[in-house]
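*Asks:* Mind folding the following:
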Amino acid sequence: MSEPNTGRPVVRVENVYKIFGRRPKAIAEKMQAGATRQDVQKDGTAAVIDATFDVYPGEIFVVMGLSGSGKSTLIRTLNALQPATTGTVEVRGQDLAKLSPKELRALRSEHISMVFQHFALFPHWTNIENAAYSLETQGVAKQERYEKAREVLAAVGLKGWEDSYPSELSGGMRQRVGLARALAADTDVMLMDEAFSALDPLIRREMQEELKQIQDRLGRTIIFITHDLNEAMFLGDRIAVMKDGEIAQIGTPEQILSEPADDYVASFTSDVDRARV
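*Replies:* Modelled structure (predicted):
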C-alpha cells in the first residue's frame, strides 16, 4: 500500500451534499446550519452529507459502507450522473457544476470511465466490440480501437475470447470485459461501483487480485465502491468509511485497523482478514 500522494489531486470533493426532495438546496442549507438527517427526513433524503476528500494520481481510493450509507450516490456525483446539491466536485481541476452539457460529455468520454456491478455489456456485440465501445465513443478509428481492445482483453486474461459473445462467458469473465472496456478508454479516473459484488466469492477474490496486478502495471487512478471491508482493506491505498451519508473516517488500511475513529468504524474491523492487509 502506498502513502497518499502530495501532488495535485485528480479528483477533489469539498463540502458536497446530495439531497433528494422537492427543495434540496433549502434542505442542504438547514443541515449546514446544524439540522440533522433525521430533522429533515420529512422534507427529503440526505444521501451525502458534507463529504470532503481528495484522490491522487495512481491511487486506489475505496469508499465503503453498508447499504444506504450513501456510497453509490457519492460516486455518481463524481461524474455528475447525480449532480451535487451543494459543494464542489472537481475532476482534473474542472468544476463539474460549471461545465456545459457538451463539456461534461467530453469530460466523461475522455477522462472518466465507469465499471458497473452488473457488467452493462451489449449482449449482441462480441467481447472485442464491447471492450472497444469506449474508444468508439471517443471517435477512435476501428482498427486502432480493436488493437487497443485486444491488448486490454489480454491484460485481463481474456486472450482468445475476443470474438465470443458475453453469453458464452462466466460471470467473472463478463466482469473482465467490463473492466477491459474501462481500461481501453485510458481515462484519468476509473469509477468502480460495487464492481465485484455480484460475483461468487472465489471469482470475486480472483478479480480483486487481478485488479491489483493490473494496477501495479498501469497505475490508474481508481475510486472503488464496496460494502465489504475485507475487499476495501485488500484493494485500497486509502479508505473512506461512510455511515448514514457522512464520511466517518478516511485513512490507510493500517490506520482504519489500528486507529478507528469511533465505535462504528471499530465494529467493522473485528472480522477483517488481517493476513490480506
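
*Asks:* Every contact and neighbour count from this point should use C-alpha atoms.
*Replies:* Noted.

*Asks:* Tell me where the longest helix sits in this structure.
*Replies:* helix 201-218 (DSSP state H).

*Asks:* Can you mark which positions in it are buried?
*Replies:* For helix 201-218, the neighbour count (16 or more other CA atoms under 10 Å) marks Ile203, Arg204, Met207, Gln208, Glu210, Leu211, Lys212, Ile214, Gln215 as buried.

*Asks:* mind listing the strands for the stretch 1-150 of the chain?
*Replies:* Counting by DSSP state E, counting those that start in this stretch, the stretch 1-150 of the chain has strands at residues 11-21, 44-55, 60-64, 86-91, 94-95, 112-115.

*Asks:* Between those, which shows the greatest average number of neighbours?
*Replies:* strand 60-64 (a mean of 27; mean count of other CA atoms under 10 Å).

*Asks:* ok, that strand: who's next to it in the sheet?
*Replies:* Strand 60-64 sits in its sheet next to strand 221-226 (parallel), strand 238-243 (parallel), going by DSSP bridges.

*Asks:* Next, format these as TSV and append mean pLDDT.
*Replies:* Formatted as TSV, the strands paired with strand 60-64 follow (pLDDT from 0 to 100):
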stretch	mean pLDDT
strand 221-226	95
strand 238-243	96
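
*Asks:* now the ones you listed as JSON lines including distance to Ile60 and mean neighbour count?
*Replies:* JSON lines is the format used below for these (distance: least, CA to CA, whole Å; neighbours: other CA atoms under 10 Å):
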{"stretch": "strand 221-226", "distance to Ile60": "5", "mean neighbour count": "24"}
{"stretch": "strand 238-243", "distance to Ile60": "7", "mean neighbour count": "25"}
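
*Asks:* closest to Val40 out of those?
*Replies:* strand 238-243 (16.9 Å; CA to CA).

*Asks:* and the angle from the closest one to strand 44-55?
*Replies:* Relative orientation of strand 238-243 versus strand 44-55 (axes from the mean of the first three to the mean of the last three CA atoms, to 10 degrees): 170 degrees.

*Asks:* Could you tell me how far the very next helix or strand once past strand 238-243 lies from the centre of the chain?
*Replies:* Later in the chain than strand 238-243, the nearest helix or strand by DSSP states H and E is strand 246-251. Centroid separation for strand 246-251 versus its chain: 16 Å, with CA atoms, centre = their mean, to the nearest Å.

*Asks:* Which SSE is immediately downstream of strand 246-251?
*Replies:* Following strand 246-251 toward the C-terminus (DSSP H and E): helix 253-258.

*Asks:* Output the contacting helices and strands for that next one.
*Replies:* Where contact means 3 or more CA pairs under 8 Å, 6 or more residues apart in numbering; DSSP states H and E, helix 253-258 is packed against strand 238-243, helix 263-269.
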